[in-house]
Every structure is written in structure tokens, then in C-alpha cells.
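Peer 1: Quick one, fold the following:
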Amino acid sequence: MHRLIPLFKKPKHILKVVRFIFILAYYKISGCKTIVYNLHEDYFYDIFESIYHQLLNRPKTVIFFSYRAENKILLQYLQNKVPASQIIPNYISPFLIFDLFICAEVTGPDFPLSIFHTPKIEIYHGTGTSNLYEKKDVLNRFDSHFAIGPKFNEFIDFAYKEKSSKPHVYNIGYPKLDALLKPNPLTKDLKKLYKLDDKKTILYAPHWHEYGSIHKFKEALLEKLAEFDVNLLIKPHNYLYTRYANLNWKKRLKDFANQHENVTFVSNPNTQELYPISDLMITDTGTTAALEYSILQKPLIINYDAQWFADNDSVDIEKDLCDLGFCFENLKELKALVESVLIKPDENEILKQQTAQKNIVRKYLYQPGEATAKAVKAIYEILEN
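Peer 2: Predicted coordinates for the structure are as follows:
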């Protein structure tokens, strides 16, 4: 009932609901299935993008995108990706009857009204599961989950152990990573976009959390990397800007890049597209990026932080990633690692890491390269039932 109050405060919102009710009714009469993909941040689009493009090939399927209305950057991003007629603010989407609701994050009031009995699919947006245990009550609301790997199934067993029945779990894998295992025609365009020359390229992709290297070392870390004769791409997790807005990181990183010819600040939310154009990634304990990058078996350096492990449970994936071999706790260690991994590479050590990366991907990810096809098949199955 509380969700109706803000709706009735603004008559124009009610008119939008009525308008979309007629639109959805038209699609239903036409024999079309309607799907709404709900997202709160711009980078969540990338999680669904490969599935979306496959679903477009299915006749009589219409896909809408429900966005958090106060996030103007998200709206602008979506407008460049999908037809404007299929974008709906999240203050009206719960009042519309879709055939399927898909979400890539843990949300609350965006869920469709329970009286509609809309099937709900959750596609998790990370690879670790440590942060999910405190959110199990919200995740209990889904009818189906797309599991990234075995660890997610362990979480589901925990989350629903007190329930009389569990939701259906599809062992899908991570659809957004399929593109990493295929030739990417956009790679040359991206190199031009970021003005990468023939030098080696380092991707610095720090996490947003308080134990991350960007908080610990600040611009001193960037200065250390910029000293190397390499291209440096800086692409933090998006939450760095929203959860630490008072630190003005976006401006600071842009200013740093403007002061160094070999440094580029990346504003595009899709980190994965940077993996193929980089030769080394530096990231933090607890990042999804570390496991994603391991698919390519390229050198990976991780900032190790013991406190992060002390404050989190169910961190097998993160521990195994730190055991890959190249970890640093101070800038002197980081410099030495970049020297031995990228500048004058120790091939034996790199080969050891590549072998470990291959094993860790096999251990924690289902269906590398085939996850999108599996996800689309599961969605068809749910729509037909």
C-alpha cells in the first residue's frame, strides 16, 4: 500500500501507468510476451546486454527496461543503448503486468506487485557471494536464480534452508563474460578511442570498498604506475563515485589523467571491454574483476588486504584469487611486481599463474563462453510455463 502513496501524489505518474497498461494489453492481444529488466546502475545493463540481443531474435518478445528514476546518468546511458519507448521509470513499473521480471541486483520496492504473480528471475551481478548472506530475505522473493557457479548454489542452499521449497536454480554461468572468449571486432576501435600506442597497457581497476588500494595509496599509486613506459587505463568500480562522493574521486582521476600523456581515465561503465586491450590488470581483494580477467589468463596483480578477509565470510573465491601469486601490500612491492610481470617478465612465474587461473575459472564458473545461450534457453522455458 505504501507504494501507492507517491504514485497518487503525482497524477502524471498515474497517467503513465494507464498509458503503459494499454501498451502491454496491445502486446498481449498480439500474442507477444513482455519482459521487464530492472536496474539501478548503468553497469548493470552490461550484465544483461548479451541476453537482450539474443532475445531480440525471438519473435513476439518485447523487452522493457525499468530504471531508478533519480539516476539521471543511468537514463542517459540506457537511451544510447535501447529504444526510448522501452524505458520505464521504476516508480511505475511495479504497477504493470509483465510476463517476466528480471533483475541483476538485490532490490526492494521495484518488484512487481505480488497480486500479478509475475515470475521473477535473479541474475547475480558479481562472482563472490560474501555480501549475499545478509540479503537473503530479499533474494527469497525470486522464483528462479541464474547461478554463476557452485558457490552461488551453496548460498541458495543456505538462503532457503528454512523454506519448505527452493526456487529453481539454473546453472547458467556469467553471460556478460562470453564475449571474452570470442574475437571482438571492436578491439581496434577501443584502442583508437583510448589512444593506445604499441606500448604495453596496464588496466588499473580498483574496488570501491574502504580497504581498496585507491583509498590506501591514493594518487601515489597512480604516480608509481605512470612512471613506467606503458599505457595506463584507470577504471574504478562505479560505487567509488557514489559512495565516496565527498572525496570527489571522478574529478581527481580525470585531473591526474590530464596531467600525464600515457594515462587515460575511462568513464564508460563496461570494464569487461577493457580486458582484451590490456596486458596486465591491477585490482583489489574482493573484486569480481579478478576472476573475470582470469578467463583470459593474462597477468593479474591484486592488492592484498587482510582486514577485508577479517570482515567477510564465505570468501573462498577471493582467497583462491589472492593465491594466484602476484599480490602486493605496499607500493615498493607493486613496482617490483610490474617489473617482473610486464616490463621484464618472468615467464615461469607467469605460466604458473596462467595454470592457476585456468583452474580457478573451471572451479568457480559454469559454462564459460556458453552462458548467454543457456540463459536465453532458460528464459524461453520460464515464459512458456
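
Peer 1: Okay, and the residue minimising distance to the centre of the chain sits in which element?
Peer 2: Centroid-nearest residue in the chain: H125, 4.7 Å away (criterion: Cα atoms, centre = their mean). Using DSSP states H and E, H125 sits within no helix or strand.

Peer 1: Is it in contact with D46, as I believe?
Peer 2: No: counting by Cβ atoms under 8 Å, H125 does not reach D46; the two are 9.3 Å apart. C-betas here are computed from N, CA, C, even on glycine.

Peer 1: Is it correct that L233 falls within a strand?
Peer 2: Yes: read with DSSP: H, G, I helix; E, B strand; the rest coil, L233 is one of the residues of a strand.

Peer 1: Bridge partners for it, pull those for me.
Peer 2: Note on L233: beta-bridge partners by DSSP bridges are L203, T264.

Peer 1: who touches stretch 140-148?
Peer 2: With contacts defined as Cβ atoms under 8 Å, 6 or more residues apart in numbering, stretch 140-148 is touched by 103, 111, 119-124, 127, 139, 152-153, 156, 159-160, 163, 167-174, 364-366, 375, 378, 382.

Peer 1: Helix or strand, whichever it is, which one in this structure has the lowest mean pLDDT?
Peer 2: In the chain, no helix or strand scores lower on mean pLDDT, DSSP states H and E than helix 4-9, which sits at a mean of 60.

Peer 1: Can you name the next helix or strand after that helix?
Peer 2: Heading C-terminal from helix 4-9 (DSSP H and E), you reach helix 11-29.

Peer 1: list the buried ones in the helix or strand just after that following helix?
Peer 2: Reading on from helix 11-29 to the C-terminus, the next helix or strand found by DSSP H and E is strand 33-39. Within strand 33-39, the residues scored as buried using 16 or more other Cβ atoms under 10 Å are K33, T34, I35, V36, Y37, N38, L39.

Peer 1: now the angle between strand 33-39 and the next helix-or-strand element following strand 33-39, please.
Peer 2: Scanning forward in sequence from strand 33-39 by DSSP H and E, the next helix or strand is helix 44-55. In terms of direction (axes from the mean of the first three to the mean of the last three Cα atoms, to 10 degrees), helix 44-55 departs from strand 33-39 by 160 degrees.

Peer 1: Pull out the buried positions in helix 44-55.
Peer 2: For helix 44-55, the buried set under the neighbour-count rule, 16+ other Cβ under 10 Å, comprises F44, Y45, D46, I47, F48, E49, S50, I51, Y52, Q54, L55.

Peer 1: quick one: which of the buried residues of strand 33-39 is nearest to I115?
Peer 2: V36 (16.2 Å; Cβ to Cβ).

Peer 1: so who does the closest one touch?
Peer 2: So, once contact is read as Cβ under 8 Å, 6+ apart, V36 ends up touching I63, F64, F65, S66, I88, S93, L96, F98, L100, F101, I102, P112.

Peer 1: Any chance of a markdown table for those residues, columns secondary structure, pLDDT and neighbour count?
Peer 2: Conversion of these to a markdown table gives the following (DSSP: H, G, I helix; E, B strand; the rest coil; pLDDT from 0 to 100; neighbours: other Cβ atoms under 10 Å):
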| residue | secondary structure | pLDDT | neighbour count |
| --- | --- | --- | --- |
| I63 | strand | 97 | 21 |
| F64 | strand | 97 | 21 |
| F65 | strand | 97 | 23 |
| S66 | strand | 96 | 28 |
| I88 | strand | 95 | 21 |
| S93 | helix | 93 | 23 |
| L96 | coil | 95 | 22 |
| F98 | coil | 97 | 24 |
| L100 | strand | 97 | 21 |
| F101 | strand | 97 | 24 |
| I102 | strand | 96 | 28 |
| P112 | coil | 91 | 21 |
